[in-house]
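Novice: Sequence and computational prediction follow.
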There are 2 protein chains.
Amino acid sequence: MATIKDVAKKAGLSVSTVSRFLNHHPYISDDKKERIQQAMDELNYAPSAIATQLRSKKCTTIGVLISRITNPFFSYLVDAIEKQAKEHGYQLLIMQTYDDPKAELKMLEYLKQQVVAGVIMTSIESDSQVIEDYSSYGPIVLCNEKLDGTEIPNISTNQEAISYEATNYLIQKGYHKIAYCTGGNLTIGGHGQQRTKGFERALSEHELSIKNKWIFKQVHNMEDGQKVAREILSLPKNDRPDAVFSGSDEVAIGIIQEVLQQGLHVPEDLAVLGFDNQPSTSIIAVPLTTINQPTTALGIEATKLMVALLEGVTYKVNKKELILSLIERKST
Amino acid sequence: MATIKDVAKKAGLSVSTVSRFLNHHPYISDDKKERIQQAMDELNYAPSAIATQLRSKKCTTIGVLISRITNPFFSYLVDAIEKQAKEHGYQLLIMQTYDDPKAELKMLEYLKQQVVAGVIMTSIESDSQVIEDYSSYGPIVLCNEKLDGTEIPNISTNQEAISYEATNYLIQKGYHKIAYCTGGNLTIGGHGQQRTKGFERALSEHELSIKNKWIFKQVHNMEDGQKVAREILSLPKNDRPDAVFSGSDEVAIGIIQEVLQQGLHVPEDLAVLGFDNQPSTSIIAVPLTTINQPTTALGIEATKLMVALLEGVTYKVNKKELILSLIERKST
DNA sequence: ATGAAAGCGCTAACAC
DNA sequence: GTGTTAGCGCTTTCAT
């Protein structure tokens, strides 16, 4: 590979002039510009990004932490982040955590080592203290997550409110025995805590109770959903929920599949409400009532905020687009 | 940020000793190891990856080019690549092209600038000559793509054969008027050329012809599929295909949706065969007959080959897993 | 076993 | 306008 030195030699100029040319400085005579360009072309020169970075301390790679890219919510989020980042001249280093704090820590170490200039976290596994510590090495922006008691900036939606609204919607529709599915395990500060809060608030306002056996924790995919449906349907009629609020569309789809397979009907035998509005929810046998997340807006705002932080300017987050909405289809 | 110099000073040693410690060289006395470790801890030191890279010329970032991450085929591919890369100590720089050759070129420039050590291309927009030129700067591995007349290594499946097989399957089932959907435009060397070849071979062996109006080019998503279905259904009965072979599941799903919406039936009024076996194809109203791609194997093999190329060892691709298969469901 | 010193490819004062 | 030079933080000879 040719270096800036080779170019300078070939053009009969000094490295600094070539460097100036590279960095679009003013005040270089046109004939020299031409000579440099020609030398570069002949040598097929490209500046070493590494050397530039070491010297100028400018890094244009943003780290993105996601739990799993195959989840449509995250792939759409990454899509939005990537497009926005590219627009500002940044690249994405992507890392899946699969909910493993070790992977998360690896990315945070990359921040410390300056492999990435900043990190957008779309999932959190570490303690807030750990993340706060690392934020001294570069900006960290939380996307669709929050960390109470910290100063870490975040872009997020009001999941508690929409959960409350969706639960009320179910109650108004006449469903009073509502089961609940969550990916977390109902610990405070854990996954889906906000959704759970909204759900519980709506129930208690209507003085409805929820039985322990109607609560399903650590359910994530279609198979889990099918299992949940089997459990529900095996309960005696008078003890059986008439609706399920699932914190995940995938689980909701599994539930619907299983109910239909048993020759029963949705929503007559069991109503199902999901969360995410994943692409496939509108095309299944019984289209799913679910909650739409402003995925693109979340990605765009998180990235804009990150870029602003990186470039030392202020950015006022546009909250108008960050709203969740209930999509009513056929499953409720 | 503390540097190696600071650590050396604090430990009362030279930078070279610290460097040796960092690189796990033998022959460092235990007491000095301890002193260094302690100094590092106190200073909260992390070596600058950039400086290390500039000096040692070792880069552990692999560039991955994909057309769009929101397409499940690609997100599953990236998932497999990321896991495999991580296992070997590499990271992924991901870039979507949205079929724009400019984006592709940007990644290839990153290869030239040593931002990435190698590039895995899961989609190709540039001329083979361009890609061959860039391959002198680092390994390029094609994944699920081929470039005839070049030496660029590739991991791919026999799409021609499965297309042939799937078309024969349709013919054997009694469908003799088969329409065809492709994301490309039927140019030689273009998108889906192999699939088209297999399709045509099967037709011509059975002396079946295909009318021009039964061919749909540049169709990509569900909406395109719905349009295709509308066009097909508006044809007079005697001139209407009885089956569609779609090069994309998404288009196939759109077709099914539209047929059902018009009160007609799949496969009675129109049989539909897709390509990809995307997750949602098994859960739609009429589960789709389609072709399964060995996504994980493609990703794993491409990454293993890339790592081998990067580390200068040979790797024999495991072709046993790289097989396509017809998944028969209810749409044919 | 440890240290001194050169230099990876580039940028940015500082001189002229 | 252009050249000289001193590093950025690290690895790696070459001494000792």
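Specialist: Yep, that arrived.

Novice: from here on, contacts and neighbour counts on C-alpha atoms
Specialist: Will do.

Novice: can you list the residues of the stretch 1-150 of chain A near DNA strand D?
Specialist: Contact residues, the stretch 1-150 of chain A versus DNA strand D (C-alpha under 7 Å from any atom of the strand): A:12-17, A:27-29, A:32, A:51, A:54-55.

Novice: from what I can see A:Thr303 touches A:Ala85, true?
Specialist: Yes: counting by C-alpha atoms under 8 Å, A:Thr303 does reach A:Ala85; the two are 6.4 Å apart.

Novice: Of these two, which one has the most company?
Specialist: A:Thr303 (26 against 23; other C-alpha atoms under 10 Å in any protein chain shown).

Novice: which residues does the more buried one contact?
Specialist: Contact analysis of A:Thr303 by C-alpha atoms under 8 Å, 6 or more residues apart in numbering or on different chains lists A:Ile81, A:Gln84, A:Ala85, A:Ile120.

Novice: what's the answer for A:Ser16, then?
Specialist: Neighbours of A:Ser16 in contact, by C-alpha under 8 Å, 6+ apart: none.

Novice: ok, it to A:Lys32 distance?
Specialist: According to C-alpha to C-alpha, to the nearest Å, A:Ser16 and A:Lys32 sit 12 Å apart.

Novice: With A:Leu260 instead?
Specialist: For A:Leu260 relative to A:Lys32 (C-alpha to C-alpha), the value is 75 Å.

Novice: What are the boundaries of the strands in the stretch 1-150 of chain A?
Specialist: With DSSP state E, counting those that start in this stretch as the criterion, the stretch 1-150 of chain A has strands at A:61-66, A:91-96, A:118-121, A:140-143.

Novice: Residues touching the last one, excluding its own?
Specialist: Taking contacts as C-alpha under 8 Å, 6+ apart, the residues outside strand A:140-143 that touch it are A:118-123, A:152-156, A:298-299, A:302, A:305-306.

Novice: biggest separation within the residues you listed, which pair?
Specialist: A:Gly118 and A:Ser156 (18.2 Å; C-alpha to C-alpha).

Novice: And the two? Which one has more around it.
Specialist: Taking neighbours as other C-alpha under 10 Å, A:Gly118 and A:Ser156 compare with A:Gly118 leading, 28 against 19.

Novice: Make sure that one is actually in contact with A:Met306.
Specialist: Yes: checked against C-alpha under 8 Å, the pair A:Gly118 and A:Met306 is within contact range at 7.2 Å.

Novice: What are the neighbouring residues in contact with the spatially most central residue of chain A?
Specialist: Closest to where the C-alpha atoms of chain A average out (C-alpha atoms, centre = their mean) is A:Thr122, at 3.8 Å. Shown in contact with A:Thr122 (C-alpha under 8 Å, 6+ apart): A:Val64, A:Leu65, A:Ile66, A:Ser67, A:Leu142, A:Cys143, A:Asn144, A:Glu145.

Novice: same deal with A:Asn168?
Specialist: A:Ala202, A:Leu203.

Novice: For it, grab phi and psi.
Specialist: phi -60, psi -40 (degrees, to the nearest 10).

Novice: What parts of chain A come near chain B?
Specialist: Listed as neighbours of chain B in chain A under the rule C-alpha under 8 Å from any C-alpha of the partner chain: A:46-51, A:53-54, A:68-70, A:72, A:75-76, A:78-79, A:82, A:91-96, A:112-115, A:257, A:280, A:283-286.

Novice: out of the contacts of strand A:140-143, who's nearest DNA strand D?
Specialist: The nearest member of the contacts of strand A:140-143 to DNA strand D, counting by C-alpha to the nearest atom of the strand, is A:Gly118 at 17.5 Å.

Novice: quick one, what contacts that closest one?
Specialist: Per C-alpha under 8 Å, 6+ apart, neighbours of A:Gly118: A:Thr61, A:Ile62, A:Gly63, A:Leu111, A:Gly138, A:Pro139, A:Ile140, A:Met306, A:Leu310.

Novice: Next, count neighbours for the third one.
Specialist: When you say that, I think you mean A:Gly63. If you count neighbours by other C-alpha under 10 Å, A:Gly63 ends up with 24.

Novice: Surely A:Thr295 and A:Tyr76 touch.
Specialist: Yes: using C-alpha under 8 Å, A:Thr295 is in contact with A:Tyr76, at 6.5 Å.

Novice: Those two: who's more crowded?
Specialist: A direct count of neighbours by other C-alpha under 10 Å for A:Thr295 and A:Tyr76 places A:Thr295 higher, at 25 against 21.

Novice: How about the more buried one, nearest residue that isn't a chain neighbour?
Specialist: A:Leu77 (5.5 Å; C-alpha to C-alpha, 6 or more residues apart in numbering or on different chains).

Novice: Return the residues in contact with the one you found.
Specialist: A:Leu77 sits in contact with A:Thr295, A:Thr296, A:Leu298, A:Gly299, where contact means C-alpha under 8 Å, 6+ apart.

Novice: residue ranges for the helices of chain A, please.
Specialist: Here chain A has its helices, by DSSP state H, at A:4-11, A:15-22, A:30-43, A:49-56, A:72-87, A:101-112, A:128-134, A:159-172, A:193-205, A:222-233, A:249-261, A:295-310.

Novice: Now tabulate those helices in CSV and tack on mean pLDDT.
Specialist: What follows is the helices of chain A, written out as CSV (pLDDT from 0 to 100):
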stretch, mean pLDDT
helix A:4-11, 93
helix A:15-22, 94
helix A:30-43, 92
helix A:49-56, 94
helix A:72-87, 97
helix A:101-112, 96
helix A:128-134, 95
helix A:159-172, 97
helix A:193-205, 94
helix A:222-233, 97
helix A:249-261, 97
helix A:295-310, 98
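
Novice: closest to B:Leu235 out of the ones you listed?
Specialist: B:Leu235 sits nearest to helix A:249-261 of all the helices of chain A, at 34.9 Å, using C-alpha to C-alpha.

Novice: Near DNA strand C, which residues of the stretch 51-200 of chain A are found?
Specialist: When proximity is defined as C-alpha under 7 Å from any atom of the strand, the stretch 51-200 of chain A approaches DNA strand C at A:Ala51, A:Thr52, A:Leu54, A:Arg55, A:Ser56.

Novice: Buried ones only from the residues you listed, please, as a ChimeraX command.
Specialist: To isolate the buried members of these in ChimeraX, using 16 or more other C-alpha atoms under 10 Å in any protein chain shown:
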select /A:51,54
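
Novice: Turn the residues of the stretch 51-200 of chain A next to DNA strand C into TSV, including distance to A:Asp249.
Specialist: Output for those, formatted as TSV (distance: C-alpha to C-alpha, whole Å):
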residue	distance to A:Asp249
A:Ala51	47
A:Thr52	46
A:Leu54	45
A:Arg55	48
A:Ser56	46
